[in-house]
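Engineer: next input, structure requested:
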Amino acid sequence: MKKIFVINGGQVFAHSQGLFNKTLLELDKAFFTNEKGFEFKYTDINEAYDLDEEVQKYVWADVIIYHFPAWWMGMPYGLKEYIDKVFTAGHRTGLYYSDGRKLDNPAINYGTGGMLQGRQYMVTTSWNAPDTAFTLPGEFFKERSVDDGILFGFHRMNEFVSLQALESFHFHDVEKNNNAEKMKVHTANYLKHLNKVFQLQPAELN
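Structural biologist: Numbering: from 1, shown residues only. Predicted coordinates:
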């Protein structure tokens, strides 16, 4: 059984009700079933959580999946708070032992003290911005991808605890131009991505 831990970072705040990321969580629940060879746990950052239990979910999991909308070019503050608190609680209790450096040569090996070797993570983000904002010359994100630009620090954070990245997936134009038909497309594209990343055979998809 492959162990999957999903973190729903779709925060309820102001006009945002986190519905898009709740939909992704429901798709995950339906996809990662025992019949397909998965064990499944999740955390919703809008609900109360215990820090030690969250650390143990990271330790337990083979794959951690993060879902979150991009708010002002970063994580929602509730997800950032979750990460800050859980990763701090994970110091020498399963997530990382140190920053990896040694006293005899502190200039090198920063970020090599993680304790989650052999585990992987995947991230999805959702954006009001269209994908062309990242790809077209002269557009807002200067032709930098989500992963190499806005999420660079996020990926470094996960490697700090020795997690290895699986292919990310990013949803664009999900606020201003979203509707029921486009949600069907987003759903189909996400399920296709999961099938690709987790390499399920046709018989396992029934």
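Engineer: mind checking the SS state of residue 84?
Structural biologist: Secondary structure, DSSP: H, G, I helix; E, B strand; the rest coil: residue 84 is helix.
Engineer: tally of neighbours for it?
Structural biologist: Neighbour count of residue 84, defined by other CB atoms under 10 Å: 10. Glycine gets a C-beta too; all of them are placed from N, C-alpha and C.
Engineer: ok, it to residue 68 distance?
Structural biologist: 14 Å (CB to CB, to the nearest Å).
Engineer: now residue 32
Structural biologist: 18 Å.
Engineer: same question for residue 102.
Structural biologist: Remark: distance between residue 102 and residue 68 (CB to CB) = 35 Å.
Engineer: so those two - more neighbours on which side?
Structural biologist: Neighbour comparison, residue 102 and residue 68: the larger count goes to residue 68, with 25 against 10 (by other CB under 10 Å).
Engineer: the more buried one belongs to a strand?
Structural biologist: Yes. Assessed by three-state DSSP, residue 68 belongs to a strand.
Engineer: can you name the residues bridging to it?
Structural biologist: Beta-bridge partners for residue 68, by DSSP bridges, are residue 125.
Engineer: that one: what's it in contact with?
Structural biologist: Applying CB atoms under 8 Å, 6 or more residues apart in numbering to residue 68 gives the contacts 9, 10, 11, 21, 75, 76, 79, 123, 124, 125, 126.
Engineer: for the fourth one, what are its contacts?
Structural biologist: In this structure, residue 21 makes contact with 8, 9, 10, 67, 68, 69, 126, judged by CB under 8 Å, 6+ apart.
Engineer: contacting residues for the fourth one?
Structural biologist: When you say that, I think you mean residue 67. 6, 7, 8, 9, 10, 21, 24, 25, 123, 124, 126.
Engineer: and residue 10, how many neighbours does it have?
Structural biologist: With other CB under 10 Å as criterion, residue 10 counts 26.
Engineer: quick revisit: which ones among the contacts of residue 67 map onto strands?
Structural biologist: Those of the contacts of residue 67 mapping onto strands are 6, 7, 8, 123, 124, 126, per DSSP state E.
Engineer: in the protein, which spans are strands?
Structural biologist: 2-8, 38-44, 63-69, 120-126, 164-165, 169-171.
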